[in-house]
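In: Okay, sequence plus prediction incoming.
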Amino acid sequence: MPLREGANRKAINANIKELMASGKSKREAIAISMQKAGKSKRKGKKSGAIGSRTADNRKQFMRRKSERMR
């Protein structure tokens, strides 16, 4: 079960189909195909809430916000 070389969509899709046919789960097949293609995994969405900021970043954020309000 050799996988196709290449980082284009066609090669990645072919690798996913081949891995799923061999019994891998969809998530495993995607991860293996993306790794073979040399592409990074998807990154989760970062929280944009003020509460997630550190104290210093919060001060900078509030200062910039007040400057924009002027």
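Out: On my side now, so go ahead.

In: would you list every one of the helices in the protein?
Out: For the chain, the helices defined by DSSP state H occupy 9-21, 26-37, 55-69.

In: List the contacts of the residue nearest to Gly6 when sequence neighbours are not counted.
Out: Leaving aside its chain neighbours, Gly6 sits nearest to Ala37 (6.8 Å; criterion: CB to CB, 6 or more residues apart in numbering). In short, each C-beta sits where N, CA and C put it, glycine included. In this structure, Ala37 makes contact with 6-7, 11-12, 15, judged by CB atoms under 8 Å, 6 or more residues apart in numbering.

In: what's the most distant pair in the residues you listed?
Out: Spanning the widest gap among the contacts of Ala37 are Ala7 and Asn15, at 10.7 Å by CB to CB.

In: Looking at those two, which is more packed in?
Out: Asn15 (24 against 11; other CB atoms under 10 Å).

In: and the closest residue to Lys26 other than its chain neighbours, how far is that from Leu3?
Out: Nearest residue to Lys26, sequence neighbours excluded (CB to CB, 6+ apart): Met20, at 6.3 Å. Look at Met20 and Leu3: by CB to CB, to the nearest Å, they are 12 Å apart.

In: Same check on Ile30?
Out: For Ile30, the distance to Leu3 - CB to CB - is 13 Å.

In: same thing with Gln35?
Out: Taking CB to CB, one finds Gln35 at 10 Å from Leu3.

In: low-scoring stretches of the chain, by residue?
Out: For the chain, the stretches flagged by pLDDT under 70 are 1, 40-55, 70.
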